[in-house]
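# just the structure for this:
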Amino acid sequence: MKVYWSSIFLLPSEVIKECERMMRRFMWGGNGNSFKQSLVKWSKVCLPWQGGGLGIKPMKAWNQALLLKQIWNLLTDHSLWVQWCKLKLIRKHSFWKTPSTGPLSWSWRQILLL
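Numbers count the residues shown, from 1 in each chain. Here you go, the predicted model:
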């Protein structure tokens, strides 16, 4: 579910903090709801294997990467969704010159700001 929502919306920082809190609790406590003292800092756990961590990606970086994939799809794909976006949202501009103001949804504005 995290991957789905992260690929569509730029998640608010409070949501990211809460999700990472549940992941930490699950890792150290078992079910995600119970509280147990962490044995290692979360920033250390998120380091790559070579750096001594477990290779878990920080959720903010994961969220931005998935949204950037949407931009890549807009620039390279020819699916029905991309055609609709070009027709309704990008219109006569190139993607890089599309204004991020006006009557746009919050999600689309955040993608443009990335």
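# the residue nearest the centre of the chain: which element?
Closest residue to the average C-alpha location of the chain: residue 63 at 1.1 Å, with C-alpha atoms, centre = their mean. Per DSSP states H and E, residue 63 falls inside helix 59-76.
# what does that helix rub up against?
Residues from elsewhere that reach helix 59-76 (C-beta atoms under 8 Å, 6 or more residues apart in numbering): 2-3, 6-7, 10-11, 13, 16, 19-20, 23, 79, 81-82, 85-86, 90, 95, 110-111, 114. Placement of C-beta: from N, CA and C, glycine included.
# and what of stretch 7-18?
The contact list for stretch 7-18 (C-beta under 8 Å, 6+ apart) reads 5, 19, 59-60, 63-64, 66-67, 69-70, 107, 110-111, 114.
# let's see stretch 84-103 as CSV, backbone CA atoms only.
Coordinates of the C-alpha atoms in stretch 84-103 are reproduced here as CSV (Å, rounded to 0.1, in the frame of the first residue of the first chain):
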residue,chain,number,x,y,z
TRP,A,84,-4.7,12.4,-21.3
CYS,A,85,-2.1,14.3,-19.2
LYS,A,86,-0.6,15.9,-22.3
LEU,A,87,-4.0,16.8,-23.6
LYS,A,88,-5.6,18.1,-20.3
LEU,A,89,-2.7,19.2,-18.0
ILE,A,90,0.3,20.0,-20.1
ARG,A,91,-1.6,21.3,-23.1
LYS,A,92,0.5,23.5,-25.4
HIS,A,93,3.6,23.7,-23.1
SER,A,94,6.4,21.3,-22.8
PHE,A,95,6.5,19.5,-19.5
TRP,A,96,9.4,21.6,-18.3
LYS,A,97,7.6,24.9,-19.0
THR,A,98,4.2,23.9,-17.6
PRO,A,99,3.3,26.5,-14.9
SER,A,100,2.7,25.0,-11.4
THR,A,101,0.1,27.7,-10.6
GLY,A,102,-3.6,28.0,-11.5
PRO,A,103,-6.5,25.5,-11.2
